[in-house]
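A.B. asks: below are the sequence and a predicted model; questions follow.
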Amino acid sequence: MSLTNLAAILDPAAPDDRPLIIQLSPEGDEQLRLSYGEGRARIAALARGLLKRGPLKPGLGRGQAVAIVAANSADYLILYMATMAAGLVSVCVNHKLPRETVAHIMKDSAVALAIADAERAPLVAELVPTVAIEQLDTLLDPGPFTPLDMAFEETAMVLYTSGSTGLPKGVPLSHGGYIWATGATPEQRPGIEGRKAIIAAPLFHMNGLFSAKLVMINGGTIVLMTAFTAAGYIRAIDRLRVDMVTSVPTMLALVMRETAELAKADLSCVTVAVTGSAPSTPEFFEQMHRLFPNAETANSWGTTESGPIAFGPHPEGIAKPMGALGYPRKGIEVKLVGDDPDQGVLHIRTPALMSGYLNREADTRKRLIDGWYDTGDVVRRDANGFVFFVGRADDMFQCGGENVYPGEVEKLLGRHADVAQVCVVPVADEIKYQLPVAFVVPKPGTSPSEDALRRFALDNGPAYAHPRAVWFVDELPLAGTNKIDRKALVDRAAAAFARDNARRV
């Protein structure tokens, strides 16, 4: 019988006694282990319980939404799977958003029940019926359960975009689309049967959730951090001999700064190192190779709206250039929109593509055009068809009539030997309209100067794109998804640039 429910991807061949989830504290200490047998039984019992909900409360019905408002945990993943198994819709909520934004999500997705941990329950308890995740056992109805048969297009989950401008938008994602994404491309499967993969990104984000599903379908073990810390991440890999690491670039950049912790650790166990959800430079991947010397590194790309996979190896076996996203996978259609046939805004069609934003017809029409999703990402294509990320079209700004893509300037500055991380943003200017400025995290033990970095940019790139100011910081602010909070830096740059200019007067 063909698979129709996304929750049924849990590898049936994995032995009952194999660890499914090893839950770790932020410091990297083990908190609990859940085997495949225990996981299967708990998912079944919770699916039954959600549909029943006890003698005094009616059970939930097919298609109703259940919100998960909690930090990473084994029960988060169990609940996520059980909800979908029962034919319900899992709404994974970014609990780091403001209270009023979380309230919008509850209403927008018509949440019927929320499961929340103690710290985050106050965000939703007065809005919808809420059960404490610490008391999840009260919902269990032990016994066998077969995941409901679902139509390809039926919604499995709703994830919300980060909402850097305005309220976040709900993205309904289908059972069929994500069954395709997890299993249609064998080369996407990392070959980790019985091996360990660490996940430290928040589970309300596609990066963490999809990584977990890939491990489940491969019969591997999820090493799940309840929250990310760089030191804890290093200790976990070393102590548990983790085979595969998943991350976003900012997480690994923080790891690379933990020189004392790295000196005590042996990371030679890692054979696959995947990063994604944000752009990376070739220099960054060289640093990844040094960090994980025995690992094959990969730069993954995906969007919440179009799905988590798009690019992979070249069908003719041509080696992927350093920093490339890859070659379009089988079943993926891409086109570059713009005046240059080899550089433009990426439009994409995939079986995992959303049907449209939840309750947002105007936004849907803007982004879904004749079945193509406008990603808003500017990419370029080389002679072999490999695709490289250039920058966000909405991050692009104009300086003296020239288009400046912050991602390109960041790649340029990232080549400097003393730069660990960099974020480039615009500030207003009366003559040039906008000017590029940069926030830089130096590599440990280095002290680069503003003049040196500005000269490096002028010597190696177009003059209009060089940063007119450079501020050195210990770390870059992160949004809830562990990506750099570019909006916060735009506000910070405006104030700092005005202050610096006032001093010069």
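C.D. replies: Received the coordinates, thanks.

A.B. asks: put the alpha carbons of stretch 360-380 into CSV.
C.D. replies: Written as CSV, here are the backbone C-alpha positions of stretch 360-380 (Å, rounded to 0.1, in the frame of the first residue of the first chain):
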residue,chain,number,x,y,z
ARG,A,360,-3.8,35.8,2.2
GLU,A,361,-5.1,35.9,-1.3
ALA,A,362,-3.3,39.0,-2.4
ASP,A,363,0.1,37.7,-1.1
THR,A,364,-0.6,34.4,-2.8
ARG,A,365,-1.2,36.1,-6.2
LYS,A,366,2.0,38.1,-5.7
ARG,A,367,4.2,35.0,-5.1
LEU,A,368,2.4,32.2,-7.0
ILE,A,369,2.4,33.0,-10.7
ASP,A,370,1.0,30.4,-13.1
GLY,A,371,2.1,27.7,-10.7
TRP,A,372,5.6,29.1,-10.3
TYR,A,373,6.7,30.4,-6.9
ASP,A,374,8.7,33.6,-6.9
THR,A,375,11.3,32.9,-4.2
GLY,A,376,12.6,36.5,-4.1
ASP,A,377,16.2,35.0,-4.2
VAL,A,378,18.6,36.3,-6.8
VAL,A,379,20.8,33.5,-8.1
ARG,A,380,23.3,33.0,-10.9
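
A.B. asks: next up, the contacts around residue 367.
C.D. replies: 305, 357, 373-374 (C-beta atoms under 8 Å, 6 or more residues apart in numbering). Glycine gets a C-beta too; all of them are placed from N, C-alpha and C.

A.B. asks: swap the cut-off to 6 Å and go again
C.D. replies: residue 374 (C-beta atoms under 6 Å, 6 or more residues apart in numbering).

A.B. asks: how is this structure divided into domains?
C.D. replies: Per automatic domain parsing, the domain ranges recorded for the chain read 1-13+34-183, 397-504.

A.B. asks: of all those domains, which one comes closest to residue 194?
C.D. replies: Judged by C-beta to C-beta, the one of these that comes nearest to residue 194 is domain 1-13+34-183, at 9.9 Å.

A.B. asks: quick one: distance of that closest one to the chain centre.
C.D. replies: 18 Å (C-alpha atoms, centre = their mean, to the nearest Å).

A.B. asks: residue ranges with poor pLDDT in this structure?
C.D. replies: Residue ranges of the chain with pLDDT under 70: 1-2, 54-56, 162-165, 184-192, 277-282, 480-481, 502-505.

A.B. asks: can you tell me which of the domains of the chain is most buried?
C.D. replies: Comparing those by mean neighbour count (mean count of other C-beta atoms under 10 Å), domain 1-13+34-183 ranks first with a mean of 19.

A.B. asks: and stretch 14-24, end to end?
C.D. replies: Distance across stretch 14-24, first residue to last, is 22 Å (C-alpha to C-alpha, to the nearest Å).

A.B. asks: my error: substitute stretch 78-92 in the last question.
C.D. replies: Using C-alpha to C-alpha, the two ends of stretch 78-92 sit 13 Å apart.

A.B. asks: contacts for the helix or strand harbouring residue 377?
C.D. replies: Per DSSP states H and E, residue 377 falls inside strand 372-381. Contact partners of strand 372-381, identified using C-beta under 6 Å, 6+ apart, comprise 303, 305-306, 342-343, 345-349, 353, 367, 387-394.

A.B. asks: next one: stretch 18-35
C.D. replies: Against stretch 18-35 from outside (C-beta under 6 Å, 6+ apart): 17, 36, 39, 74, 221-225, 227, 229, 232, 235-236.

A.B. asks: that one: end-to-end distance?
C.D. replies: Stretch 18-35 has an end-to-end distance of 5 Å (C-alpha to C-alpha).

A.B. asks: what does stretch 122-134 give?
C.D. replies: 14 Å.

A.B. asks: which SS class is residue 338?
C.D. replies: Under the three-state scheme (DSSP: H, G, I helix; E, B strand; the rest coil), residue 338 adopts strand.
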